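A.B. asks: pasting a predicted model and its sequence here:
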Amino acid sequence: MLSLVDIDLGYKQQIVLPKINLSFNENEHVAILGPSGVGKTTLLHHLYQQLSEQTCLCSQAKGLVDNLSIYHNVFIGGLARYSRCYNMANLLWPFNKPQQHISAICQELELTAPLHQKVSELSGGQRQRVALARALFQQQPVFMGDEPFSALDPLMGLRLLNLVKQAHQSVICVLHDAELALAHFERIIVISDGKVVLDDKANRLTLAHLSQHYALADTVKNAVA
Amino acid sequence: MKRTHLLSAGLLSLFSTFALSATFTFTAIPDADESNLRTRFEKVADYLSEQLDVEVKYIPVKSYSAAITAFRNNQVQLAWFGGLSGVQARGLVPGSEAIAQGFEDQYFKSYLIANHSVDIKSFDDFPVLNNYTFTFGSKGSTSGRLMPQFFIEKNLGKPVEQIFKRIGFSGDHSRTISQVEAGVYQVGAVNYKVWDTAVEKGQVDTSKVKVIWESPTYPDYQWTVHSGVDNDFGAGFKEKLTQVLIGMTDKDLLASFPRSSFIPAKNSDYQPIERVAKTIGMID
Amino acid sequence: MPRTMTFAGFSFVGHWQKITLLLLLMVSVCWFFADTEVIALEPWIELGRMGQGFIHPNFFATEYLFEALWQTISFALLGITLGLLLGFPLALCYQHPLIAAICAFIRAIHEIFWALIFLQIFGLSAITGILAIALPYAATFARIFSDILQQAPRHTLFSLPKGTDKLSAFIYGRWMHMYPQIVDYIRYRFECALRSSAVLGFIGMPTLGFYLESAFRQGHYEQGGALLILFVLLIGSIRFWAKPIFLWLYLPLAIYFLPPIPAIDGQIIWRFLSVDILPPMLQGQPFLSWFDIDILSKVFDWAYKLITQQVFPGMIATLVLAFCALGLTYLLTLILLPFNTRLMMPKVIILIMRAVNLILRSLPEYLLAFVLMMLLGPSMLPAIIALALHNSGLMVFLMARQADSVTVPLTYQPRIDQYSYLVIPNLYPHFMGLLFYRFEVIIRETAILGMIGVMTLGFYVDSNFSEIRFSGALLLLVFTAGLNVIVDYLARRLLH
C-alpha cells in the first residue's frame, strides 16, 4: 500500500525521524507505540498526507470545531461527498438524510447527547466519540488514529476499536495502551530515540519485549485504572 | 422602441447634471443663531415656493465650504453666502450671479475684542497687538477671518503669524466671544452684528470683554444664484427670484438671516472682497 | 559553601519591560517638546453655563430629533453592513502585501476626511456618509478578521476529507472556529460606527452630531446637554435594542427611510478626478504640457511649499500629540483597570465605574477637548487629555472583560500585590497589543482635534478643504496615511 524509503521526517529544519524505512500493506491493523514526544504523530501525519485520498484521520479530539453542533462536526467527515452549495445550505438548515445517517452512527457510539448540542459543552470522552463518528461518516478504506480511544474507559475503547475495524480495511493507530495494542492489533511498530526499534507481528511479542524499549510505567498504570 | 427610449432617458438622468430637477433647492447658514435651521428656513422655502410657483426645498449645511460644494455641484441653485464664500462659489460656477444682499451687508464690519486682563495701547488709531494670543472665527468666514486678517496685516505691516503669539480658529462668532471672555485667547475678531446682539441680550459680560477696534465697512452676505436657473425653471426665473427676495417683508422670515430687508446686488459689489482674499492668499 | 544562583537586576528586564521603557522614553521626550502651557483663565462663567445646561437639559430644543436619532443608527448600520460586505473578501486575501498596504492606507484616513472627499463627489447625500463609514471600516475588518482567522487551529483543515471544496473547507474548517470572536468584534465595531455616524454630523450628515456640534459651538448648552445625554444612553443601551434579530428588521427600514439621494453625476466624479485633485498649475492644462520644465518647476515649488509649511509641522505636532496622549492613556488605563475588575473591587464600585467608562468612551474627543480648552487654554494639553480620557475609557472597557476571565488560584485575595503577580502578567501582552493598536487610532483621531485648532495634520487638511484647495488637502492626506502606515508597521514589528 505504501513504503517509506530513507525518508526524513520532521517540521521545518528540525528532523525528528531521520532515514525512516517502513512499509504498510493493505488489510493490516498496525499499532505505533513509543514514549511521548518521539515523533509518532509526525509519522502518522506523514502517512496521512501520502494516503489522504483513501484515509480518514482521527486524532483525539483536536479537529473538532467547538462552535458547531455534534451533527455538523460529524458532517465535516462528509464534506467531500457533497457540493459546496449543499454544504453551505446544510450549515444553516441541516438536511434530513445526513441527519438520519449521523444519528445512527452516534447511537452505535453510545453518543446520547442531542445532535444539535454544541461540542464545546461535551465531556472529553464524548468529544472523542464525536471525532470517531466523523471518521466513520467519512467512509474511507483506511483509518488512521492518533490515540483515538485515550479518553474512553477500556471497555468502551475496545468496543469502538472493533467498530472501527469492521468499517475499515486497514487501521493504523498511534496508541498509548500497550496491552490494547498487543491484544487487538496484528502488527506493532515501536519508535524510540529517532528510529524504529521494533517492527513485528503482535502475536510474537509480550509486554516484556516492549518494556525493553521504553518505560511502560504509565501504560500499566492506565491498564490498572 | 419606446421602452429603450425610456430606459436611455432614465440612464441619462442618472448621469447628467442638467437633468431637469423640478425642485428649486437653496441653502443658507445664518451668521448668528444656527438653532432650528430647518424649521426656520422651511418657512422661507414655503414663501419662495408660493411666490415662484415651483417646488422649493431647503438643505441645511454645516459650513461655507459645504455650501460652496453643494452650489458647485448644482445640488442647490441658490445660496445665502458670506462675502468670501460667495466670491469662491462664483469663481467655481461661471455665469452665477449675486442677485441680492442684506440691507446691513452694504456696510458690514468686524470688531476686534479683548479680554479685560490685557491693556492694549493704540497707535495711529490701531491697537498694537504684538505677542498677544488671538482667535479668528471660522476659517472661511469673511467677518471673522478674511477682513480682520487683512486689516491687521495692513495696519501692522506683518503677516499675522509674526504678530501673534498664538492663533486659533474658534469656528464660530459666539464661541469667539465666549473664549475671549474666558481668557482662552486674549484678543479675537468678531462679526459686529453677532456682538451687538449678544450684548443686547445680556449674553456677554462686558466687564470681562470689550471692543477695542472697529473695522472700516465692507460688503458681506449675499444671495447667489446658479447660472442654469433660467434654463431649468423657465426664462425670466432669475429676475423673478430677485424680485421675490427683495420683496420679502415678513419680519419672521427676515429674522432667520437675520437681516432687516434685502436689496439688489451684483457681482462687482464684491470685487473688494476678491481683491482682499487674493492679497492675503486665501484664493489664488 | 554552596553558591546560590542570583542574577543582576538587569537580566530581569524582559521583552515587555523593554517595550514599556521605550514607550515611556518616547513619551517623555515628546512631552518635553509638547506645548502644554496652562493659561490662567476665568472659565467659570462659561463653565457655569455649561453646568446649567446639563442640570436642565432641554430635550425639546432640537428639531427633527427622532429623525436625527434614527439616521444616526441607520448610517451606522448601513456603513457596517457595507463595510462587512467589502471587508470579508479583503480579509481572505489580506496576506497579499499589496492588499494589506492598500487597507492600511484606507484605514489611516479619518471618516471625517473620507466624508469630505465623498462630499465633493456625491454631494450632501446619504451615500457620502455611508461610504465614509464603510470604507475605513472595511479596511479595519479586513485586518482584524485576517488576524482572527490566523488564530484558527490548523488541525481541522489538515484532517478534512480529501477533495473537500475550498469554500466548504474554509467555512467549516476555519471560519466556524473563530465565529464567536468575529461576531464579538462586529458588535464592538457597531458601537464605534454609532460614534462615527454621530461625528459625521459635524460636517453636515443629518445625524445627532449635526445638532450636537452646533449646540456646543453656539453655546446652547441646554440643547447640547440633552443631546449628549441621549447619545450616551443610545450607546449604553445597544445590547437592548441591537439584538441580532432586530437588525434584520432595522436594515430594510434603514434603507427605506434614507434621506432622498440626489442622482449620481458622472461628470462631477470625472471633474473631481481630472481637475480638482490636480495641483492648481496643472488644472485645465493638456496632459502633455504637464512635463514642460516650466510647469514642472511650478508643481515642484507648490509641493515643496506645502510640505515644508504644512506637512512637516503638522506631522511633528501630530506625533508629539499622539505620543503624549498614548503615554497618558497607558497610565490612566493601568490606574483605572483595578477599579473595573471583579478581581479587585466589589460589584457596586464596578457598576459605577461601568457608567463612568461608558460616558468616557461615548463622549466625542472633540467635545471633551472643547470643554477642557475652557479650563486649560488653547495649548495642546486639552487635546492630550481629551484623547487620553476617551481612549483609556475604551481600553479599560476592553481590558476589564479580559481581566474578569483570568483564572486565579483559590487562595487569591483582592489585594494589589496579588493582582500584580497573578493578573497583570496575564493581561500585559494583550494590553500592550491593544495600546499599540490604539496608537494608530489616536493618530487618526488627532485629525478631528485639528478641526478645533490644534495644529496637527488634520488642522491643515481641514484648512485646505475650507479654502477649496482639494489638491493640497489630498497631498496632506497622502502624507497622513503614509505616517499611519509606517506607525502600524513599526508597532507590528515591535510587538512580534
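C.D. replies: Here it is on my side, so go on.
A.B. asks: in its sheet, what does the helix or strand hosting residue A:8 sit against?
C.D. replies: Taking DSSP states H and E as the definition, one finds residue A:8 inside strand A:2-11. In the sheet containing strand A:2-11, its partner strands are strand A:14-24 (antiparallel), by DSSP bridges.
A.B. asks: may I see the buried residues of the strand it pairs with?
C.D. replies: A:16-17, A:20, A:22, A:24 (16 or more other C-beta atoms under 10 Å in any protein chain shown). Every C-beta, even on glycine, is put in place using the N, C-alpha and C of the backbone.
A.B. asks: check the nearest residue to residue C:163 once chain neighbours are set aside and give its pLDDT.
C.D. replies: With sequence-adjacent residues excluded and distances taken as C-beta to C-beta, 6 or more residues apart in numbering or on different chains, residue C:163 is closest to residue A:80, at 3.8 Å. pLDDT, residue A:80: 89.
A.B. asks: residue A:80 reaches residue C:172, doesn't it?
C.D. replies: No - applying C-beta atoms under 8 Å, one finds residue A:80 not in contact with residue C:172, separated by 11.1 Å.
A.B. asks: any common contacting residues for these two?
C.D. replies: Shared contacts of residue A:80 and residue C:172, defined by C-beta atoms under 8 Å, 6 or more residues apart in numbering or on different chains, are found at C:160, C:164.
A.B. asks: now the residue nearest to residue C:163: how far from residue A:54?
C.D. replies: Distance of residue A:80 to residue A:54, given as C-beta to C-beta, to the nearest Å: 12 Å.
A.B. asks: for whichever residue of the stretch 301-450 of chain C sits closest to chain B, which residues are in contact?
C.D. replies: Nearest residue of the stretch 301-450 of chain C to chain B (C-beta to the nearest C-beta) works out as residue C:378 at 5.1 Å. By C-beta under 8 Å, 6+ apart, the contact list for residue C:378 reads B:133, B:135, B:166, B:168, B:179, B:184-185, C:39, C:453.
A.B. asks: now tabulate those in TSV and tack on pLDDT and neighbour count.
C.D. replies: Formatted as TSV, the contacts of residue C:378 follow (pLDDT from 0 to 100; neighbours: other C-beta atoms under 10 Å in any protein chain shown):
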residue	pLDDT	neighbour count
B:133	93	23
B:135	95	26
B:166	90	19
B:168	91	21
B:179	91	27
B:184	90	28
B:185	93	27
C:39	79	18
C:453	77	23
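A.B. asks: let's see which of the residues you listed end up in strands.
C.D. replies: By the criterion of DSSP state E, membership of the contacts of residue C:378 in strands covers B:133, B:135, B:166, B:168.
A.B. asks: ok, the third one touching residue B:136?
C.D. replies: No - contact between residue B:166 and residue B:136 fails when scored by C-beta under 8 Å: they sit 11.8 Å apart.
A.B. asks: quick check: the farthest pair among the ones in strands among the contacts of residue C:378?
C.D. replies: Farthest pair in those (C-beta to C-beta) is B:135 and B:166. Separation: 8.8 Å.
A.B. asks: now the common contact residues for those two.
C.D. replies: B:185, C:378.
A.B. asks: related to what we said a few turns ago, what count of nearby residues applies to the residue nearest to residue C:163?
C.D. replies: If you count neighbours by other C-beta atoms under 10 Å in any protein chain shown, residue A:80 ends up with 17.
A.B. asks: equivalent analysis for the one 4 residues further on, please.
C.D. replies: Burial measure for residue A:84: 15 neighbouring residues, criterion other C-beta under 10 Å.
A.B. asks: give me the below-cutoff pLDDT ranges for the chain.
C.D. replies: I'll assume chain A. Along chain A, the model assigns pLDDT under 70 to residues A:61, A:215-225.
A.B. asks: chain B, not that one
C.D. replies: Checking chain B against pLDDT under 70 turns up B:1-21.
A.B. asks: which bits of it sit near chain A?
C.D. replies: For chain B, the contact set with chain A under C-beta under 8 Å from any C-beta of the partner chain is empty.
A.B. asks: circling back: which residues sit against the strand holding residue A:8?
C.D. replies: The contact list for strand A:2-11 (C-beta under 8 Å, 6+ apart) reads A:15-24, A:39, A:42-43, A:46-47, A:50-51.
A.B. asks: this completes my enquiry, with thanks.
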